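Trainee: Predicted model, plus sequence, below.
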Amino acid sequence: MAGLIAIVAIVAMVMVTGSIEKNQVDVEQVRQYANPITENILLAMNEDNYTRYSEHFDQTMKNAIPEAVFNETNAVIKSKIGDYVSKDFWKVKCEDQYTTVYYNASFTEEPEDVVVTVAFQEIAGEMKVSGLWLDSPKLREK
């Protein structure tokens, strides 16, 4: 009987461990694609380069942010927080088909951190940007 309890306990531990591992994110693997793509987007904003900015967007993002919208939005962002300087990885969250990566970024005219949030989705074997948000005290001002 004690042997059976031990086997059941081991099987239960393996099942629990297996389910935890399936839900965990390989942060280093995510950073390998997310860091350069995010850097590319932020540098493209500095350069007012829509082609580079939207290079890794999925079709929905390209439709939502055509070049005219990028130009207008980017001008507002630059007027409030200046140019992108650097970013530090903060965290990763996975929900449904999206992997969302958060960074604390520095911009020339924002003394506080700018939180850069990028949602990725795998499409046809490639990681594409499905969402992009910037948030800071100055960006929230009207």
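Mentor: Here it is on my side, so go on.

Trainee: how about the strands in this protein?
Mentor: 84-95, 98-107, 110-123, 126-135 (DSSP state E).

Trainee: what's in contact with the second one?
Mentor: Outside strand 98-107, the residues that touch it by CB atoms under 8 Å, 6 or more residues apart in numbering are 25, 30-31, 34, 38, 42, 81-94, 113-121, 127, 130-131, 134, 136. C-beta coordinates here come from the backbone N, C-alpha and C atoms, glycine included.

Trainee: go on, the first one?
Mentor: With CB under 8 Å, 6+ apart as the contact definition, strand 84-95 has outside contacts at 23, 25, 27, 30-31, 34-35, 38-39, 42-43, 45-46, 99-108, 115-116.

Trainee: at 6 Å instead, please
Mentor: Residues outside strand 84-95 that contact it (CB atoms under 6 Å, 6 or more residues apart in numbering): 25, 27, 30, 42, 46, 100-107.

Trainee: And the longest one, by the same measure?
Mentor: Residues outside strand 110-123 that contact it (CB under 6 Å, 6+ apart): 38, 58, 81, 97-105, 107, 127-138.
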